[in-house]
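Peer 1: Just to be clear, the model below is a prediction. Sequence and coordinates:
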Amino acid sequence: MKRPTITVLSVLLLSSVAVNIWQYKHSRSVDDPKPQAKLTPSNSAHPETSSKTASPTESLTISELAVSWFLEYRFDEAYKVYELIENTDAKAAEQLKAQLLVAVENKLANGDSEYTRSALDYWLEQNAYDEDFLALKAKLFVAQNQIAQAVDIYFELTTLTTSETRLQSYRKSIEQQAEHYIAELVTQKNWLDAIAFLDQLIWQEPDNIEHLLTLAKIYIAAEDNESARIPLETASHFPEYELEAHNLLALITPKEPEPAKANRQLARSEIQLQPLNNHFLVPLTINRNSRVSLLIDTGASLTVLSRHSFNRLNIANRVTFLSTVQMNTAGGIANADIYQVDKLTVGNFSVADAQIAVMDLGDLGGSDGLLGMNFLGQFNFQIDTEDHILSLRKK
């Protein structure tokens, strides 16, 4: 901003502040017959002179007046003072902000959550990424037991801070609040909120496999064993969690009665898998005779075929083109052509009128694409990582 503009802005702000100070003193003189407080600069050159004409209780600096207004819900007026000081003395503005922050913290400590929320909302409307006030808002949410909202802010703070000490503090707060909140929800048997909160944590920290195991345990406690299988299958691919995931899978896998075993192939199909870099390849047939090998990917909502494999199969005239969409991939946003096929078949089971996405994929190590949940989700499925077998059962 050019200097003339700054000067004009400062004059306007100063005029506005002066008017508000006059109104403030005038209202005090009308409401209070006692001698009025005298407004003095915060850096008075002659403090001894000031002390002779006004006692400490009768003298307010402009910063103290701003704090007083802020505590009286006069946020706009207080903020004008802050802007005026910020335009002339950045260090003094930081000191004033610190005073305002302490004032709001004291209100929170005294249980005045209504004022605290109003003050924080106002300040963050002006400074959306103010780390100090965001951290205080997280504390407010914790005080009100709104842990999901608090954790969201702490995650945001981890992306804003440049201090390693603060970063570790925010991460510790996330861990502690999440642990206590989940324990509280489990004690209350509030499975829906527990699942929603864990989904929030997994979205923020997709590489934290402990969240997946905790989610699976919540599903098991809620007697939803089938929903527990997907996070357990994912966790079983990580060596440090493999044993626990397999034990939980064994716990929720019902043992078949002897008479049912003879006819199990009527309701179940077992497909031999080929291991590939901690993943598994499964054979799949498109329509009736186009065979491909796909990586099982329980995180993919749609079955995906590489454009190279699609062209190699020469099936464009046997499928129906639907649209071109953008899809999120590990490498970012990519275009994908969506086709409808007559049938996708794995083992003895098929899904009719299924959709597949055709797109450019990187090196998948010999795979033609990904088998997603639009096929797997139609069945109860289990992956035996020891014997490399995919079991499909009708729902």
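Peer 2: Structure's in. What do you need?
Peer 1: residues near Asn289, how many?
Peer 2: Number of residues near Asn289 (other CB atoms under 10 Å) recorded here: 9. For the C-beta atoms, the positions are set from N, CA and C on the backbone; glycine is no exception.
Peer 1: and what of Gly332?
Peer 2: Gly332: 7 surrounding residues under other CB under 10 Å.
Peer 1: partner residues bridging it?
Peer 2: Here Gly332 sits in beta bridges with Thr329, going by DSSP bridges.
Peer 1: ok, it to Glu114 distance?
Peer 2: 44 Å (CB to CB, to the nearest Å).
Peer 1: Kindly report the same for Phe321.
Peer 2: From Phe321 across to Glu114, the span is 58 Å (CB to CB).
Peer 1: Ok, Val142 next?
Peer 2: Using CB to CB, we find Val142 at a distance of 17 Å from Glu114.
Peer 1: Tell me which of these two has more neighbours.
Peer 2: For the pair Val142 and Glu114, the greater number of neighbours falls to Val142 (20 against 9), based on other CB under 10 Å.
Peer 1: Angles on the backbone of that one, please.
Peer 2: Val142 adopts backbone torsions of phi -60, psi -40, taken as degrees, to the nearest 10.
Peer 1: what's it in contact with, if anything?
Peer 2: Listed by CB atoms under 8 Å, 6 or more residues apart in numbering, the contact set of Val142 reads Ala150, Gln177.
Peer 1: Could you report the separation of it from Ser113?
Peer 2: According to CB to CB, Val142 and Ser113 sit 11 Å apart.
Peer 1: need the helices for the stretch 51-200 of the chain, in chain order.
Peer 2: With DSSP state H, counting those that start in this stretch, the ranges of helices along the stretch 51-200 of the chain come out as 62-71, 75-86, 90-109, 113-126, 131-143, 147-160, 164-187, 191-204.
Peer 1: want to throw those into JSON lines with distance to His237 and mean pLDDT?
Peer 2: Putting the helices of the stretch 51-200 of the chain into JSON lines (distance: least, CB to CB, whole Å; pLDDT from 0 to 100) gives the following:
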{"stretch": "helix 62-71", "distance to His237": "54", "mean pLDDT": "93"}
{"stretch": "helix 75-86", "distance to His237": "52", "mean pLDDT": "94"}
{"stretch": "helix 90-109", "distance to His237": "45", "mean pLDDT": "95"}
{"stretch": "helix 113-126", "distance to His237": "41", "mean pLDDT": "96"}
{"stretch": "helix 131-143", "distance to His237": "34", "mean pLDDT": "96"}
{"stretch": "helix 147-160", "distance to His237": "25", "mean pLDDT": "95"}
{"stretch": "helix 164-187", "distance to His237": "24", "mean pLDDT": "96"}
{"stretch": "helix 191-204", "distance to His237": "15", "mean pLDDT": "92"}
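Peer 1: could you dump these to CSV with distance to Leu215?
Peer 2: Formatted as CSV, the helices of the stretch 51-200 of the chain follow (distance: least, CB to CB, whole Å):
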stretch, distance to Leu215
helix 62-71, 43
helix 75-86, 42
helix 90-109, 33
helix 113-126, 31
helix 131-143, 23
helix 147-160, 15
helix 164-187, 10
helix 191-204, 4
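Peer 1: do you know which of those helices lies nearest Asp224?
Peer 2: Set against Asp224 and scored by CB to CB, the helices of the stretch 51-200 of the chain come closest in helix 191-204, at 8.1 Å.
Peer 1: which other helices and strands contact the closest one?
Peer 2: helix 147-160, helix 164-187, helix 209-221 (3 or more CB pairs under 8 Å, 6 or more residues apart in numbering; DSSP states H and E).
Peer 1: could you dump the ones you listed to JSON lines with distance to Asp387?
Peer 2: Below are the helices and strands packed on helix 191-204 laid out as JSON lines (distance: least, CB to CB, whole Å):
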{"stretch": "helix 147-160", "distance to Asp387": "40"}
{"stretch": "helix 164-187", "distance to Asp387": "34"}
{"stretch": "helix 209-221", "distance to Asp387": "21"}
